[in-house]
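Visitor: Curious how this folds, go ahead:
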Amino acid sequence: MFNILDTGEKLLKKFVEQGNEPRILLKGTGYGIRIILPDDATDEQVLDEARSSVDELVRIAGDTGLVIDCKKRRFTPDFLSRLLCDFVWAGGFHVLSWTADDGETLELFRNTGFITGEPVSGRPDGERVETGSLILTQSLRSGQMVEHDGDVMLLGHMNEGAEIRASGNIFVHGRLKGVVHAGTRGGEHGVWAERFEATQVRIGGKICSSLGRGSAWWGKAVLIALENGQLVARELKLDFAS
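Guide: Numbering: from 1, shown residues only. A predicted model of the protein is given here:
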């Protein structure tokens, strides 16, 4: 059975029946329903609960989009295949994206061609503008991930453990300590940070990993861009007094 968490955005009228404590959580969100898989259950326990809940979730969700949140659970290709066959495809669900805190699981999803990260309407205080840019108006915490087809502008800090992936440029008007990947679809793009404290930056297929506290621009405003196939870093002189 599913345990329903009411977020105030959407009330799912479902009651937990008596019996064992539920393991899979269902959370109403602004973009649909978030399915949260447990860390402490075996693969077979998760699959058994998923199979037994297909019909029930079909009635609750209908054609509403789902985000499958795997938390710290480590996926294998075999488990992913069985979950797809026995749950996702069996119910004909529309999966908006897959999220995971485990790096290997997240990489498996990406290699399989799945959409990862949070849907646009589920991102913190984000909004689309006509230019195709995504503006985020609060800081990103560890574990939060944003993916966007276009430029991303963060008006806040990006803490360690957070991640932004954009097909365009990335602008961080605050402290950059997380992982950023600009130009995910190729092209010459860049990463701009008001206060650079990251240890790695990726632009297109290029990775700049020779960073850290010893770098000349640590803690400063910096632009790292892909120019003629090479990563180029420039310190920026900002004057906010004028």
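Visitor: From here on, just use CA atoms for contacts and neighbour counts.
Guide: Noted.
Visitor: remind me which residues of this structure are low pLDDT?
Guide: 1-22, 28-31, 60-63, 120-132, 208-214, 237-242 (pLDDT under 70).
Visitor: Could you rerun that using 50?
Guide: Counting by pLDDT under 50, the chain shows low-confidence ranges at 1-22, 121-131, 240-242.
Visitor: all helices in it, in order from the N-terminus.
Guide: Here the chain has its helices, by DSSP state H, at 43-52, 54-61, 77-83, 89-91, 103-112.
Visitor: packing partners for the first one?
Guide: Think helix 43-52. helix 77-83 (3 or more Cα pairs under 8 Å, 6 or more residues apart in numbering; DSSP states H and E).
Visitor: Who are the packing partners of the helix it packs on?
Guide: Using 3+ Cα pairs under 8 Å, 6+ apart, helix 77-83 is in contact with helix 43-52.
Visitor: got the buried residues for the helix it packs on?
Guide: Residues D43, V46, L47, E49, A50, R51 are the ones in helix 43-52 that count as buried (16 or more other Cα atoms under 10 Å).
Visitor: which residues touch the second one?
Guide: Yep, that's V46 we're talking about. R23, I24, L37, P38 (Cα atoms under 8 Å, 6 or more residues apart in numbering).
Visitor: Was I right to think the second one contacts I35?
Guide: Yes. Under the criterion of Cα atoms under 8 Å, I24 lies in contact with I35, with a separation of 7.1 Å.
Visitor: how's the chain carved up into domains?
Guide: Annotated domains of the chain cover 2-112, 123-235 [automatic domain parsing].
Visitor: Beta-bridge partners for H148, please?
Guide: Note on H148: beta-bridge partners A166, judged by DSSP bridges.
Visitor: how far away is it from T112?
Guide: Separation of H148 from T112 (Cα to Cα, to the nearest Å): 19 Å.
Visitor: who touches the residue nearest the centre of the chain in this structure?
Guide: By Cα atoms, centre = their mean, the chain has its centre lying nearest to G117, at 2.4 Å. Contacts for G117 (Cα under 8 Å, 6+ apart) come out as S97, W98, T99, M145, V146, E147.
Visitor: Could you export the residues you listed to TSV, including columns for distance to A166 and neighbour count?
Guide: Listed next are the contacts of G117 as TSV, based on distance: Cα to Cα, whole Å; neighbours: other Cα atoms under 10 Å:
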residue	distance to A166	neighbour count
S97	16	18
W98	17	22
T99	16	23
M145	11	22
V146	8	22
E147	6	22
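Visitor: Let me have those in TSV, adding distance to I224 as columns.
Guide: Putting the contacts of G117 into TSV (distance: Cα to Cα, whole Å) gives the following:
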residue	distance to I224
S97	29
W98	29
T99	28
M145	21
V146	20
E147	19
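Visitor: Which members of those residues occur in strands, if any?
Guide: S97, W98, T99, M145, V146, E147 (DSSP state E).
Visitor: Go through the residues you listed and say which is closest to G204.
Guide: Among these, E147 lies closest to G204 (Cα to Cα), at 14.2 Å.
Visitor: Go ahead and confirm that closest one touches A166.
Guide: Yes. Using Cα under 8 Å, E147 is in contact with A166, at 5.7 Å.
Visitor: on that earlier part again, H148 and T112: who's more crowded?
Guide: H148 (21 against 11; other Cα atoms under 10 Å).
Visitor: The more buried one against A166, yeah?
Guide: Yes. In this structure, H148 is within contact of A166 by Cα under 8 Å, at 4.9 Å.
Visitor: joint contacts of these two?
Guide: With Cα under 8 Å, 6+ apart, H148 and A166 have no common neighbours.
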